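> Would you be able to build a 3D model of this:
(one chain, ligands or ions: 1)
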Amino acid sequence: MVAINKYVLGASMVGTFFGASVLLKDYVGGGVCPSKAKIEGKTVIVTGANTGIGKETALELARRGGRIIMACRDMGKCENAAREVRGKTLNHNVFAKHLDLASTKSIKEFAKNILKEEHHIDVLINNAAVMRCPHWKTEDGFEMQFGVNHLGHFLLTNLLLDRLKESGQSRIINVSSLAHIVGEIDFQDLNWEKKKYDTKAAYCQSKLANVLFTNELAKRLQGTGVTVNSLHPGVADTELGRHTGMHQSAFSSTVLAPIFWFVIKSAKQAAQSSVFLAVDEDLQGTSGKYFNALKEKEPAKQALDEVSAQKLWEASARLVHLDEALQECSL
Ligand SMILES: NC(=O)c1ccc[n+]([C@@H]2O[C@H](COP(=O)([O-])OP(=O)(O)OC[C@H]3O[C@@H](n4cnc5c(N)ncnc54)[C@H](O)[C@@H]3O)[C@@H](O)[C@H]2O)c1
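Numbers count the residues shown, from 1 in each chain. Take a look at the predicted model:
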């Protein structure tokens, strides 16, 4: 009898431990989008949607009935991801489209096609990014992280802006990162041509640029009905760290793996923030804000600098030849 009691007690302690661990992980994960809103009839574009947070965002928004355009660089991977999303959701309005944010030519081609084919765009999620890659350059000669993470999305958003405005209460979501808090914008050398390349600082600069772009765009969109917000999705287990090697070493360590399981979100958990900003009814009209997971937060001081935001807009417009690009895409 005593032996059975010991067994039951042991089993219930193990059960309680696992139950508590799962609850704690959910809590650390930052919660689930509280809105159950369906988005039938709405068109959503998600960049970098074939992996990680972007793919989970596309999946959840497809589940809610949206017409989803997965915009990716690698068409093979994109078609596979779109097929998987269609299969899991039984939503057949999920499409793979080519978009290489490291090429202004590709961005213009993508925008031209979208403007021809889509009569409205209700949500644009600027999610794609590259983190801490070697000192690579985009097709147009921009430093890769600044080029893809900021300039590519800056150009794309501007090319789609009139359609977003025509569509009524559209939403733009810029996926930034907590890394922006140590970011600095070097206006003398935005593309790392003069100083020694620092992969980490380049990523942080690009993520600060995401928040500054959001704030300046929100100002310019006042009175149009279109909103724009930025977010930090949380630290998630995705392929983002592919250039750092950090991911493999942390997860293969028997000491670190359980700690990482606790503090690192799944891509599905991290996607909740983008889903929330895309669908939550209470956020209608909220613009120029920064969210950490599901909570509105104050971004870093340098991200609130209006002079920097305006200067960055002007420099970005010059670098991507925005006026010519707008003219080319309106033909
Ligand atoms: N994972 C995290 O811990 C974390 C933390 C903070 C912020 N973020 C942000 O979340 C977003 C999604 O990242 P993730 O973690 O899912 O990583 P991920 O690497 O799985 O996804 C990034 C996507 O961007 C795409 N991409 C890269 N270069 C591109 C290009 N030239 N053209 C088009 N697409 C391109 C990739 O192919 C990939 O699909 C990023 O903006 C990232 O900065 C992630």
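> in this protein, which helix or strand is least confident?
helix 246-252 (a mean of 59; mean pLDDT, DSSP states H and E).
> Can you pull the residues of the stretch 1-150 of the chain lying near the ligand?
Within the stretch 1-150 of the chain, the positions near the ligand by Cβ under 6 Å from any ligand atom are 47-48, 50-54, 72-73, 99-102, 127-130, 148. For glycine as for every other residue, the C-beta is placed from the backbone atoms N, C-alpha and C.
> make it 8 Å
With Cβ under 8 Å from any ligand atom as the criterion, the stretch 1-150 of the chain meets the ligand at residues 47-55, 71-74, 77, 99-103, 106, 126-131, 138, 144, 148-149.
> From those, keep the buried residues only.
47-55, 71-73, 77, 99-103, 106, 126-131, 138, 144, 148-149 (16 or more other Cβ atoms under 10 Å).
> In helices, which of the residues you listed appear?
The helices, defined by DSSP state H, take in G52, I53, G54, K55, K77, S106, M144 from those.
> now those residues as CSV including pLDDT?
Converted to CSV, those look like this (pLDDT from 0 to 100):
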residue, pLDDT
G52, 97
I53, 98
G54, 98
K55, 98
K77, 98
S106, 98
M144, 98
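> For the ligand, state which of those residues is nearest.
Taking Cβ to the nearest ligand atom as the measure, the ligand sits nearest to G52 out of these, at 2.3 Å.
> Straight-line length of stretch 266-274, end to end?
14 Å (Cα to Cα, to the nearest Å).
> ok, and does it reach over to the ligand?
Yes - residues of stretch 266-274 contacting the ligand under Cβ under 8 Å from any ligand atom: A267, A270.
> Quick one: low-confidence residue ranges for the stretch 1-150 of the chain.
1-4, 13-29 (pLDDT under 70).
> Restricted to strands, list the residues of the stretch 1-150 of the chain next to the ligand.
Members of those lying in strands (criterion: DSSP state E): T47, A71, C72, N126.
> residues in contact with the nearest residue to E118 once chain neighbours are set aside?
Nearest residue to E118, sequence neighbours excluded (Cβ to Cβ, 6 or more residues apart in numbering): T43, at 5.5 Å. Neighbouring residues of T43 by Cβ atoms under 8 Å, 6 or more residues apart in numbering: G66, R67, I69, E118, H120, I121, D122, V123, S167.
> Does the closest residue to V279 other than its chain neighbours belong to a helix, a strand or coil?
Setting aside the residues directly before and after it, V279 is nearest to A37 in space (Cβ to Cβ, 6+ apart), at 4.4 Å. Of the three states, A37 takes coil under DSSP: H, G, I helix; E, B strand; the rest coil.
> Not counting its neighbours along the chain, what's nearest L159?
Leaving aside its sequence neighbours, L159 sits nearest to A111 (Cβ to Cβ, 6+ apart; 3.7 Å).
> Are we agreed that the one you found is in a helix?
Yes - counting by three-state DSSP, A111 is found in a helix.
> wouldn't it be in contact with L160 here?
Yes - using Cβ atoms under 8 Å, A111 is in contact with L160, at 6.0 Å.
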